[in-house]
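1. My questions are about this predicted structure, shown below with the sequence.
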Amino acid sequence: MSLIVVRLFILQVVDMNVYREMAFGGRTLSAEITPVRGEVFMRSMKDGTQVPLILNEDRFLVFADGRRLVDPFEAAHQIAGVMNVSEEEEDALKNRMSEIGVDPYEPLFNSISEFEADMLKDLKLAGIGFVRQPHRFYPEAVNAAHLTGFTQMKNEERVGQYGIEGYFNRVLAGEVGSLSGERDPFGAWIPLAERSIEPAKDGPRVITTIDPSIQNFACDVLVTDMRSYEARSATLIVMDPRNGSVLAMCNVPHFDPNHYNEVDDISVFNNASIFTPYEPGSVFKPITMAAAIDLGQVEPQTTFTDKGFELIDGYRIKNAAGKVYGLSTMTRVLVDSINTGAIFAARRVGRVAFSEYVEDFGFGVVTGLELDTEVTGTIENVYKRGEVFLATASFGQGITATPMQLITSFSVLANHGKLLKPTIVHSLEYPDGSIEVNEPQEIRQVISSRTASQISSMLASVVDDGHQTSAGVEGFLIAGKTGTAQIADESGGYGEEFNHTFIGYGPADDAQYVMLVKFENPNERFSASTAAPTFGKISAFLVEYLQLQPDN
């Protein structure tokens, strides 16, 4: 009796909470409520029309229940007809279905469309079942692959990778809800029993700043011209300098996010616009010139005498193609892209002030664009004491920048000297009806409005009077600059391959857009023959699409 009393005391008092939880668990049933992942849209800057960029759609898994199959061969034949598979695939399907035995679950097809599932259901085949699967669909496919990214399943959870999917993964995923209540001995809900419900919060609808018309036209031109120039890769970005909105972005090589697992090299997932820094070359000269003018060290008509080279720290630094220009103005330095003229301006600025301007223009840090995997580039050379580092940096060598950093810096020139944070998000629309609008963010005044106006005038001369006339649009004042930069080889020196870049904006005195075009190692020698004409084609479309008035 004493042992029984002790045992009862342990059960009813000492271990009371353990058995209480066991009893509670035996009569309660709980489940997670899965939220709907937010969808993503492009937005026309002209009328606000929204075009889908990322959508949810239902897909289906088809499986066979061997216990209910009547005639596996006939069932396989009918299924093959609907799915339009080859004879070899039909034979393989027949073999699989004939070997199922009593297996209640043998997957046959994964992720088929609702239309295909409905056709299979119409066959009314015994033993063929369907499982509904949430699926992400990317209507623009390769055209916007680096913007969207993709999702993949990890531990039964859909996780965003790269692009918008990666950057906004937690936001788009929403918040999981829960449901709990009492159940009967057979595990079913007790209808009148009290239940606890925490609703799921679906992900918001993300409205991007990407304009569908600009995106499609510009990216089609980029792909066509890249093939024509036999370039290894290409990048294009279009921005509105007035508010920092990215209107278009694409890179080639690209991939189809609907079939991301079919790529041969996963490096294609990286968005070169924000992930691949490079030595920009002469497109950096306007940044150097802006610093010099802003400090009052030079004016557009300030002259210097070019002898074709500079000897600095034992290095002989020459102009492109070994040209000698003699007496030249600072405007002609940009028009003729004179390396020694950029060095002249940088010397007037000085190493310390030059490094400060480079930082203020946004180099050496991420821009904060809302896309996954952005990198910073390197500007360590602007801090080094050797004069050769200042000299080479003045015309864009020895430092690296991403295309996103470069176009953002030119937006400063186009936007009265103000640096704005670039953005790809117009607004977030939440399921409860609330809307969060992304307002423009001014980071700093980098140069004076007067300096920006002078540089814009000088860059307009580059397009109007220089080698970049193919970048112009008849009737409009377009500002811009080319860059033809040697690509560093594995030994740290420079080989015979080049990156071609053109960055420009228009109209020069009241910019509505700024654009970067880059080709890696095309079959032409200078970017005036590649990136500049591509810029010109797209600019001609933009001035018409934006209904800009010609300049007097």
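-> Everything's here; your move. Residues are numbered from 1 along each chain as shown.
2. got any ranges where this protein has weak pLDDT?
-> 15, 18-30, 181-195, 466-467, 492, 552 (pLDDT under 70).
3. Quickly list the domain ranges of it.
-> Structural domains annotated on the chain: 32-180+190-203, 212-545, as defined by automatic domain parsing.
4. Give me the three-state assignment for Met153.
-> strand (DSSP: H, G, I helix; E, B strand; the rest coil).
5. Show me what the longest strand anywhere in the chain is packed against.
-> Of all the segments of type strand in the chain, defined by DSSP state E, the longest one is strand 50-64. In this structure, strand 50-64 packs against strand 40-43, helix 72-83, strand 106-112, helix 114-122, strand 128-137, helix 145-148, helix 163-167, with contacts taken as 3 or more C-beta pairs under 8 Å, 6 or more residues apart in numbering; DSSP states H and E. For the C-beta atoms, the positions are set from N, CA and C on the backbone; glycine is no exception.
6. most tightly surrounded among the domains of the chain?
-> Across these, the average number of neighbours (mean count of other C-beta atoms under 10 Å) peaks for domain 212-545, which reaches a mean of 20.
7. First-to-last residue distance for that one?
-> Domain 212-545 has an end-to-end distance of 12 Å (C-alpha to C-alpha, to the nearest Å).
8. Same question for stretch 106-120.
-> From the first residue to the last, stretch 106-120 extends over 16 Å; the measure is C-alpha to C-alpha.
9. I'd like the distance from it to the chain centre, please.
-> Once both centres are worked out by C-alpha atoms, centre = their mean, to the nearest Å, stretch 106-120 turns out to sit 32 Å from its chain's centre.
10. please renumber so the chain begins at 25
-> In the new numbering, first residue 25, that becomes stretch 130-144.
11. What's the separation between Lys225 and Arg61?
-> Applying C-beta to C-beta, to the nearest Å, the value for Lys225 to Arg61 is 12 Å.
12. ok, Phe543 touching Ile511?
-> No: with contact defined as C-beta atoms under 8 Å, Phe543 does not count as touching Ile511 (11.7 Å).
13. Mutual contacts of these two, please.
-> Asn523 (C-beta atoms under 8 Å, 6 or more residues apart in numbering).
14. picking that back up, now distance to Gln36 too, for the domains of the chain, in JSON lines please.
-> Conversion of the domains of the chain to JSON lines gives the following (distance: least, C-beta to C-beta, whole Å):
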{"stretch": "domain 56-204+214-227", "distance to Gln36": "26"}
{"stretch": "domain 236-569", "distance to Gln36": "48"}
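15. Including distance to Gln429, could the helices and strands packed on strand 74-88 go into TSV?
-> Formatted as TSV, the helices and strands packed on strand 74-88 follow (distance: least, C-beta to C-beta, whole Å):
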stretch	distance to Gln429
strand 64-67	24
helix 96-107	48
strand 130-136	39
helix 138-146	44
strand 152-161	30
helix 169-172	16
helix 187-191	17
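16. Among those, which comes closest to Gly420?
-> For those, proximity to Gly420 was assessed by C-beta to C-beta; helix 169-172 is nearest, at 24.2 Å.
17. counting contacts, what elements does the closest one pack onto?
-> If you count contacts as 3+ C-beta pairs under 8 Å, 6+ apart, helix 169-172 packs onto strand 74-88, helix 187-191, strand 269-276.
18. shared neighbours of Lys225 and Arg61, anything?
-> Gly198.
19. OK, contacts around His170?
-> Contacts here follow C-beta under 8 Å, 6+ apart; on that basis His170 touches 186-187, 273-275, 278, 295-297, 395.
20. from those, which is closest to Glu520?
-> Closest to Glu520 out of these is Ala296 (21.6 Å), distances taken as C-beta to C-beta.
21. ok, and the closest non-adjacent residue to that closest one?
-> Of all residues beyond its chain neighbours, the one nearest Ala296 is Asn275 (4.5 Å), with distances taken as C-beta to C-beta, 6 or more residues apart in numbering.
22. Okay, and the beta partners of the one you found?
-> According to DSSP bridges, Thr259 are recorded as the beta-bridge partners of Asn275.
23. Figure out which of the helices and strands packed on strand 74-88 is closest to Phe84.
-> Each of these has some distance to Phe84 by C-beta to C-beta; the shortest is helix 138-146, at 4.1 Å.
24. could I get the helices and strands packed on helix 169-172 as TSV with distance to Ser122?
-> Below are those laid out as TSV (distance: least, C-beta to C-beta, whole Å):
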stretch	distance to Ser122
strand 74-88	10
helix 187-191	41
strand 269-276	46
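25. Compare those and report which one is nearest to Leu35.
-> Closest among the helices and strands packed on helix 169-172, once you apply C-beta to C-beta, is strand 74-88, at 46.5 Å.
26. Just want the angle from that closest one to helix 96-107.
-> For the pair strand 74-88 and helix 96-107, the angle between their directions (axes from the mean of the first three to the mean of the last three C-alpha atoms, to 10 degrees) equals 170 degrees.
27. would you put the C-alpha positions of strand 74-88 in PDB?
-> What follows is strand 74-88, C-alpha atoms only, in PDB (Å, rounded to 0.1, in the frame of the first residue of the first chain):
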ATOM      1  CA  GLN A  74       0.800  47.600 -63.900                       C
ATOM      2  CA  VAL A  75       2.300  44.600 -65.800                       C
ATOM      3  CA  PRO A  76       3.100  41.300 -64.000                       C
ATOM      4  CA  LEU A  77       6.800  40.500 -63.300                       C
ATOM      5  CA  ILE A  78       6.300  37.700 -60.700                       C
ATOM      6  CA  LEU A  79       3.000  35.800 -60.300                       C
ATOM      7  CA  ASN A  80       1.700  32.900 -58.200                       C
ATOM      8  CA  GLU A  81       0.000  30.100 -60.100                       C
ATOM      9  CA  ASP A  82      -1.200  26.600 -59.300                       C
ATOM     10  CA  ARG A  83       0.800  23.700 -60.700                       C
ATOM     11  CA  PHE A  84       0.100  20.000 -60.100                       C
ATOM     12  CA  LEU A  85       2.000  16.800 -59.300                       C
ATOM     13  CA  VAL A  86       0.600  13.700 -60.900                       C
ATOM     14  CA  PHE A  87       0.900  10.400 -59.100                       C
ATOM     15  CA  ALA A  88      -0.200   6.800 -59.400                       C
END
